[in-house]
Every structure is written in C-alpha cells, then in structure tokens.
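Student: Quick check, what structure comes out for this input:
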Amino acid sequence: MRLEPDMWEALKEICALEGISIHEFCGRVEEQREESAFTAAIRVAILAYYREKVKELAAKCGATSPAQKARDRNGESESDTPSGPQNDCAYRDAAKGLP
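Tutor: Okay, here's the model as predicted:
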C-alpha cells in the first residue's frame, strides 16, 4: 500500500493510541469498505479518526467547531457536533493538542 509519509505517521499514531496493529486497522477498513480503492479508504479512515478527535476536543472545551458554526448560520438544527459558546480561542487551543 502506498501512502504519503504523513499518512503513514498518522496511521502509526492511531494504531498506537488504539492499541491495535496496522494490519488490524487495515482489516477493519477493508471490512467496511464499499466501492472505493483500498488506499483511498485508508486515507478516509485516518481523516475520519482525526476529525472525531477534533470534535471531542471542541466539546471538552465548550467550543463550537467551524463546521457547527456554518450549520448554525444555515439554520440547520440537528447535528452530531456539540454546540457551545462562540469561543474560537478555546477551539483553536484544543486543536493544537492533536498528535
């Protein structure tokens, strides 16, 4: 499988944090993959993992993510992103804590 060096590093970090092997991570992705190429599915899974971590960090500091702010401006009501005070500084500080 060919990935960019940063993607390999992110994949290794995820596996270390979750206590799984790269083989196990890839197997899980393969089980859920539908029509995309395997390597593309790995990249999407890596991105999804980090996006979820950003949401968790934003929720911990009571911040509203930029995506939530956009949904709020557009009048969308239900969201999987927690809403909180308009606190860009806290959100930015939380995002800096990502590995």
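Student: just checking, V44 touches S36?
Tutor: Yes: V44 is within contact range of S36, at 7.1 Å (criterion: C-beta atoms under 8 Å). Backbone N, C-alpha and C define where each C-beta goes, glycine included.
Student: so where's the longest helix in the protein?
Tutor: Secondary structure assigned by DSSP state H gives helix 38-60 as the longest helix of the chain.
Student: starting at the chain centroid, how far to that helix?
Tutor: Relative to the centre of its chain, helix 38-60 is centred 2 Å away, using C-alpha atoms, centre = their mean, to the nearest Å.
Student: Can you point out the buried residues in stretch 19-28?
Tutor: Applying a neighbour-count criterion of 16 or more other C-beta atoms under 10 Å, one finds 25-26 buried in stretch 19-28.
Student: Mind listing residues that contact it?
Tutor: Under the criterion C-beta atoms under 8 Å, 6 or more residues apart in numbering, residues 1, 11-12, 14-15, 18, 38, 42, 45 lie in contact with stretch 19-28.
Student: what number of residues lie near E76?
Tutor: Counted with other C-beta atoms under 10 Å, the neighbours of E76 add up to 10.
Student: Need the pLDDT of the residue lying closest to R43 once chain neighbours are set aside.
Tutor: With C-beta to C-beta, 6 or more residues apart in numbering as the criterion, R43 has its nearest non-adjacent residue at 6.2 Å, and that residue is M7. Note on M7: pLDDT of 97.
Student: ok, now which ones touch M7?
Tutor: 42-43, 46.
Student: Which secondary structure state does K69 sit in?
Tutor: The assignment at K69 comes out as helix when based on DSSP: H, G, I helix; E, B strand; the rest coil.
Student: so R33 sits right up against R43, yeah?
Tutor: No: at 11.7 Å, R33 does not count as touching R43 under the criterion of C-beta under 8 Å.
Student: now the spatially most central residue of the chain: how far from G75?
Tutor: When the chain is reduced to its mean C-alpha position, the closest residue under C-alpha atoms, centre = their mean turns out to be R51, at 1.9 Å. Using C-beta to C-beta, to the nearest Å, we find R51 at a distance of 23 Å from G75.
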